[in-house]
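In: Only the shape, not the letters, is given here:
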């Protein structure tokens, strides 16, 4: 009997995040923090509440990540669409570094999947994107 999918995903995720976090150390980022920056790059008008929902983290956990990203110079808080909301904005440093950081993550990914065919890796990526889009009701995963 094959192992449950949840176990496989969780174990692969731990190993992949561990490798990604090492690749992100020179940029003072974690994989989760990169996710915040990446999501804001895709959808810059998100409020803090919307971002927390999309990333499936508590507002408290997001505030902690945002604080670290602000201190590192990657984010600033800006007024939202209404006077009562706040949004996060990427700093010029974040905009400059995101392509470099993305390259470092791609290299870590290539090392992680060494020995696996590129077609299998892309099939897995498409399957995970479709699964996340479906389970989160968020089609931005498909971009």
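Out: Okay, I see it. Worth saying up front: this structure is predicted, and the values here are computed from it rather than measured.

In: roughly how far apart are residue 32 and residue 64?
Out: From residue 32 over to residue 64 the distance is 10 Å, taken as CB to CB, to the nearest Å. In this view, the C-beta of every residue, glycine as well, is placed from N, C-alpha and C.

In: who's more crowded, the two?
Out: Shown here are residue 32 and residue 64; by other CB atoms under 10 Å, residue 32 has more neighbours (18 against 13).

In: can you tell me which residues contact the most centrally placed residue in the chain?
Out: The geometric centre of the chain, computed from its C-alpha atoms, lies nearest to residue 35 (CA atoms, centre = their mean), at 1.8 Å. Residues in contact with residue 35 (CB atoms under 8 Å, 6 or more residues apart in numbering) are residue 55.

In: Would you mark the buried spots in stretch 85-94?
Out: Buried residues in stretch 85-94, defined by neighbour count with 16 or more other CB atoms under 10 Å: 87-88, 90-91, 94.

In: Looking at those, which are in strands?
Out: Assignment to strands by DSSP state E places the following of the buried residues of stretch 85-94 there: 87-88, 90.

In: could you dump those to CSV with distance to residue 14 and pLDDT?
Out: Output for those, formatted as CSV (distance: CB to CB, whole Å; pLDDT from 0 to 100):
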residue, distance to residue 14, pLDDT
87, 32, 81
88, 27, 88
90, 28, 95
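
In: Identify, from the residues you listed, the entry nearest to residue 143.
Out: Of all these, residue 143 sits closest to residue 90, with 17.1 Å by CB to CB.

In: which residue ranges form the strands in this structure?
Out: Using DSSP E, the strands of the chain run over residues 75-79, 86-90.

In: residue ranges of the helices in this structure, please?
Out: Applying DSSP state H to the chain gives helices spanning 5-24, 31-42, 48-55, 59-71, 92-112, 118-136.

In: Identify whichever of these lies nearest to residue 81.
Out: Ranking those by their distance to residue 81 (criterion: CB to CB) puts helix 48-55 first, at 10.9 Å.
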